[in-house]
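**Student:** Take a look and give me a structure for this.
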Amino acid sequence: MENKKYLIIRRTEVEELEQIKEFYKSRDYHQEVHPTCTVITAQKDEELIGVVRICPENGVLMLRGMEIKPEFQRQGIGSRMLGEVEKILQGKECFGIPYEHLERFYGQIGFQKIDDKEAPSFLQNRITKYRQEYPDTRFILMKKSA
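**Tutor:** Numbers count the residues shown, from 1 in each chain. Sure thing, here's the model as predicted:
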């Protein structure tokens with residue numbers, strides 16, 4: 001069981017961008033992190049253990065890059081981070097492309113699976129590309145309505 005006393009979930013500052021990039025690199029996640037994104041982190045005893053971003057893309061918001069160090073997974077940290085995401089997204093529409101097995105996880109804060117045709121065209125293209133590049137991985141499109 002995690003010790004919540006020493007776990008901090010918070011929005012980060014732009015000055016911390018390099019630390020975020022290094023964390024993603026260590027998790028083999030290579031998407032660009034832009035200063036326009038709102039970044040939520042989880043830290044335990046000053047160690048960065050989780051990151052997720054809300055990023056504006058092509059006129060819509062995207063939930064991107066939820067990563068938690070393996071030794072801290074399945075302890076409720078991701079759900080607590082989603083709680084912070086939910087506050088930020090209050091009254092805003094947002095899309096995401098998670099792994100299929102995470103549908104219920106993101107559903108905690110109102111994301112619902114949608115048909116590819118219901119997403120903006122750039123996301124239809126992105127999920128098609130993901131499915132071609134990673135044929136053994138099942139991706140879905142999800143949307144949180146405003």
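**Student:** Could you use CA atoms for every contact and neighbour count after this?
**Tutor:** Will do.
**Student:** Name every strand pairing with the lengthiest strand in the chain and say which way it goes.
**Tutor:** Counting by DSSP state E, the longest strand found in the chain is strand 47-57. Strand 47-57 pairs in its sheet with strand 38-44 (antiparallel), strand 60-68 (antiparallel), by DSSP bridges.
**Student:** which regions of this protein sit below the pLDDT cut-off?
**Tutor:** 1-7, 14 (pLDDT under 70).
**Student:** Which parts of it are strands?
**Tutor:** For the chain, the strands defined by DSSP E cover 7-11, 38-44, 47-57, 60-68, 94-96, 112-114, 141-144.
**Student:** Dump these into a markdown table; add mean neighbour count as well.
**Tutor:** Formatted as a markdown table, the entries for the strands of the chain read as follows, by neighbours: other C-alpha atoms under 10 Å:
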| stretch | mean neighbour count |
| --- | --- |
| strand 7-11 | 18 |
| strand 38-44 | 20 |
| strand 47-57 | 20 |
| strand 60-68 | 20 |
| strand 94-96 | 22 |
| strand 112-114 | 18 |
| strand 141-144 | 24 |
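**Student:** Reformat those as JSON lines; add distance to Arg80.
**Tutor:** Below are the strands of the chain laid out as JSON lines (distance: least, C-alpha to C-alpha, whole Å):
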{"stretch": "strand 7-11", "distance to Arg80": "7"}
{"stretch": "strand 38-44", "distance to Arg80": "9"}
{"stretch": "strand 47-57", "distance to Arg80": "11"}
{"stretch": "strand 60-68", "distance to Arg80": "12"}
{"stretch": "strand 94-96", "distance to Arg80": "18"}
{"stretch": "strand 112-114", "distance to Arg80": "19"}
{"stretch": "strand 141-144", "distance to Arg80": "18"}
